[in-house]
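Chemist: I would like the atomic coordinates for the input below:
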Amino acid sequence: MKIVLFCEHKYAVSILAPLQDEANKSQQHEVLWFVDARNIPDFSLKDEARWTNSIQETYDFFPEAVFVPGNIVPYYLSGVKAEIFHGYAAEKKDHWVIRRYLDMYLTQGPFFTEPFKKLAAKYKDFEVVETGWTRQDWIFNNLHTFDDYKQQLLADNKKDKVVLYAPTFSPSLTSLPFIKESLKTLAKEKDVVILLKFHPLTKQEWVEEYKQLANEVENIIWIDDHNITKYILASDIMISDTSSAVYEFLLLDKPVITYKNVAKDKYWLDLDNIDLLSKAFETVQTSDEYKEKRQWIINNYDPYLDGKVAERMFAAVEDYITRHGVPKERKLNLWRKYQSIKKFGKIKRK
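Modeler: Have a look, this model is predicted:
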């Protein structure tokens, strides 16, 4: 099968990489990455994978399948266009918006599958298959890869716990304007190393402000790396807000503290008063209530920590092709076609 991994943003690299790994393992698929140079000027896998910045070259490849962790993909590309999602943030309204660019939605777990099946029944132009989320494969294969990194981090700083602060970039949802002093207090009062790992779309003024914080406080460390999952694995507790990374952390059965998370149902400790952060740090480590809630998340959001998500995704798309054939392009209205061309450009058809 000829496959395009459609990589529009840096965070998508680690989401798509398990599909490349599975293709390498099975040796049954030909893979081309489309890498959007506007958002990814330096592709981290440039020496390891076949890739292009050209949408024309991507079109000329004539893929049979296109895997997309975003909301939009050029309608004129051939192949089954499969949504694989960029996280678990169901509380964000756009998670459930159907923009009509996609033939399949490959869902993470039962919590997502049932609503998307209802949407599929309504729109009648896409299918839904539950596969798990690809980054779980990377996690499965690297559960203990960063144990030495963690132990060295703790030894170098003479601390007992690693705390990951991973806020969302969204200006209306982020904790960044409010949390800095509480992080400094936590670093001073508790036996912790605090890692600052920000979304690549975070406003530059906040990036600079918190880089300065890391320079000022010995046991607060700035992380400049596109792959958050390494630091999720290496950390004991997460502090965040309305970020989908919260669910990735919970799925490893590790405690989370958020500030003013907008989710209707919360399966972790959420604070309205950020001054209570140090107290919350102690609470989440001992509370059975939050442990039981984490187990609900594991069972319903993504129970597929088995290393076979990418394998299931390929099988789902192959089954679609067996039943429907390979689509030449996605049928859309003129407005959606215009949006697609405006974002990714025109191509010369062959």
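
Chemist: all helices of the stretch 101-250 of the chain, in order?
Modeler: Assigned by DSSP state H, counting those that start in this stretch, the helices in the stretch 101-250 of the chain fall at 110-123, 135-141, 147-157, 180-189, 204-216, 229-234, 245-250.

Chemist: Highest mean neighbour count out of those?
Modeler: helix 245-250 (a mean of 25; mean count of other CB atoms under 10 Å). All C-beta spots, glycine's among them, are computed from the backbone N, C-alpha and C.

Chemist: CA atoms only: put that helix into CSV for me.
Modeler: Provided in CSV are the C-alpha atoms of helix 245-250 (Å, rounded to 0.1, in the frame of the first residue of the first chain):
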residue,chain,number,x,y,z
ALA,A,245,-1.5,15.9,27.3
VAL,A,246,-3.5,15.5,30.5
TYR,A,247,-5.1,12.3,29.2
GLU,A,248,-1.8,10.9,28.0
PHE,A,249,-0.5,11.2,31.5
LEU,A,250,-3.6,9.7,33.1
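
Chemist: which residues sit against that helix?
Modeler: 87-89, 135, 164, 166, 228-229, 232, 235, 238, 240, 256, 258, 261, 267-268, 294, 297-298, 301-302 (CB atoms under 8 Å, 6 or more residues apart in numbering).

Chemist: cool, and stretch 129-140?
Modeler: Under CB under 8 Å, 6+ apart, the answer for stretch 129-140 is 14-19, 21-22, 84-85, 88, 104-110, 112-113, 229, 232-233, 248, 251-252, 302-310, 312-313, 316.

Chemist: Kindly report the same for stretch 22-42.
Modeler: 1-10, 13, 16, 19-20, 43, 45, 49-53, 55, 57-58, 61, 63, 137, 310-311, 314.

Chemist: try stretch 265-276
Modeler: By CB under 8 Å, 6+ apart, the list of residues contacting stretch 265-276 reads 175, 178-179, 182, 246, 250, 255-261, 277, 280, 283-284, 287, 290, 293-294, 296-297.

Chemist: circling back to that earlier point, using neighbour counts, trim the contacts of stretch 129-140 to the buried set.
Modeler: Among the contacts of stretch 129-140, those buried by neighbour count (16 or more other CB atoms under 10 Å) are 14-19, 21-22, 84-85, 88, 104-109, 112-113, 229, 232-233, 248, 251, 302-305, 307-310, 312-313, 316.

Chemist: Which ones among these map onto strands?
Modeler: 104-107 (DSSP state E).

Chemist: can you list these in TSV and add distance to residue 75 and pLDDT?
Modeler: As requested, those are exported to TSV (distance: CB to CB, whole Å; pLDDT from 0 to 100):
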residue	distance to residue 75	pLDDT
104	15	97
105	17	97
106	19	98
107	22	97
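
Chemist: Out of these, flag the one nearest to residue 189.
Modeler: Nearest to residue 189 among those is residue 107, at 41.5 Å by CB to CB.

Chemist: quick one on the thing from earlier: quick one: which of the helices of the stretch 101-250 of the chain is nearest residue 197?
Modeler: helix 229-234 (5.1 Å).

Chemist: and residue 158, how many neighbours does it have?
Modeler: Residue 158 has 9 neighbours, counted by other CB atoms under 10 Å.

Chemist: for it, what are its contacts?
Modeler: By CB under 8 Å, 6+ apart, the contact set of residue 158 is empty.

Chemist: For residue 70, see how far away it is.
Modeler: Per CB to CB, to the nearest Å, residue 158 is found 42 Å from residue 70.

Chemist: likewise residue 134?
Modeler: For residue 134, the distance to residue 70 (CB to CB) stands at 14 Å.

Chemist: just to revisit the earlier point, list the ones among the contacts of stretch 265-276 that fall in strands.
Modeler: Among the contacts of stretch 265-276, the residues falling in strands (DSSP E) are 256-259.

Chemist: out of these, who's nearest residue 340?
Modeler: The nearest one, if we look at the ones in strands among the contacts of stretch 265-276 relative to residue 340 and count by CB to CB, is residue 258, at 35.1 Å.

Chemist: and the closest one, how far is that from residue 175?
Modeler: Distance of residue 258 to residue 175, computed by CB to CB: 8 Å.

Chemist: same check, this time on residue 214
Modeler: Separation of residue 214 from residue 175 (CB to CB): 16 Å.

Chemist: Run through this structure and note the low-pLDDT ranges.
Modeler: 90-95 (pLDDT under 70).

Chemist: so what sits against both of residue 258 and residue 175?
Modeler: Taking CB under 8 Å, 6+ apart as the criterion, residue 258 and residue 175 both touch 240-241.

Chemist: Can you tell me the closest non-neighbouring residue to residue 244?
Modeler: residue 87 (2.8 Å; CB to CB, 6 or more residues apart in numbering).
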